[in-house]
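J.: give me a model of this one.
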Amino acid sequence: QVQLAESGGGLAQAGGSLRLSCAFSGRTFSSYYMAWFRQAPGKERELVAGVNWSSATYYADSVKGRFTISRANAENMVHLQMNSLKPEDTAVYYCAARPGFLVVRDRPAYDFWGQGTQVTVSS
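T.: Just a heads-up that it's a prediction; the model follows:
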């Protein structure tokens, strides 16, 4: 069984930065596509960024140029560096994993989820 444990998050001012990390355990990390989703109050959970074992990345248009996803296969870790934060980035951020190598934007495609970490950006 895959387990995902997020860390990071917290409070930042607009224009600031935060870094999220996700520790993966329980299966072969390189076999899984890793992603970060977020869910703001009253909104659906949406895919923010994803990365496969060869570090091919995907970004939602709303975060392109500001967020960077990376993975360290030797450490079973995935990170999300968030720069130039905006108040609209405020949400609970979730680490997610699915077997395979291709990006899938649909939430049900992801089999495993972390507990979520709150990111709040003040204006």
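
J.: which residues touch residue 118?
T.: 9-10, 92-93 (C-beta atoms under 8 Å, 6 or more residues apart in numbering). To be clear about C-beta, it is placed using only N, CA and C from the backbone, and glycine gets the same treatment.

J.: farthest pair within those residues?
T.: 10 and 92 (12.3 Å; C-beta to C-beta).

J.: so which of those two has more stuff around it?
T.: residue 92 (18 against 10; other C-beta atoms under 10 Å).

J.: before we move on, what SS does the residue nearest the centre of the chain have?
T.: For the chain, the residue nearest the mean C-alpha position is residue 36 (2.0 Å; C-alpha atoms, centre = their mean). Under DSSP: H, G, I helix; E, B strand; the rest coil, the three-state class of residue 36 is strand.

J.: quick one: which of the contacts of residue 118 is nearest to residue 59?
T.: Of all the contacts of residue 118, residue 93 has the smallest distance to residue 59: 14.2 Å, by C-beta to C-beta.

J.: that closest one and residue 101: what is the separation?
T.: In this view, residue 93 and residue 101 are 23 Å apart by C-beta to C-beta, to the nearest Å.

J.: who's more crowded, these two?
T.: More neighbours surround residue 93 than the other of residue 93 and residue 101, with 24 against 13 (other C-beta under 10 Å).

J.: just checking, the more buried one touches residue 115?
T.: No. The pair residue 93 and residue 115 does not pass the contact test of C-beta atoms under 8 Å, sitting 10.7 Å apart.

J.: which residues are common contacts for the two?
T.: Residues touching both residue 93 and residue 115 (C-beta under 8 Å, 6+ apart) are residue 6.

J.: related to what we said a few turns ago, which one of the contacts of residue 118 is nearest residue 120?
T.: Distance to residue 120, by C-beta to C-beta, is smallest for residue 10 among the contacts of residue 118, at 7.4 Å.

J.: so that closest one bridges to which residues?
T.: With DSSP bridges as the criterion, residue 10 is bridged to residue 119.

J.: does it touch residue 93 like I think?
T.: No. The criterion here is C-beta under 8 Å, and residue 10 misses it with residue 93 at 10.9 Å.
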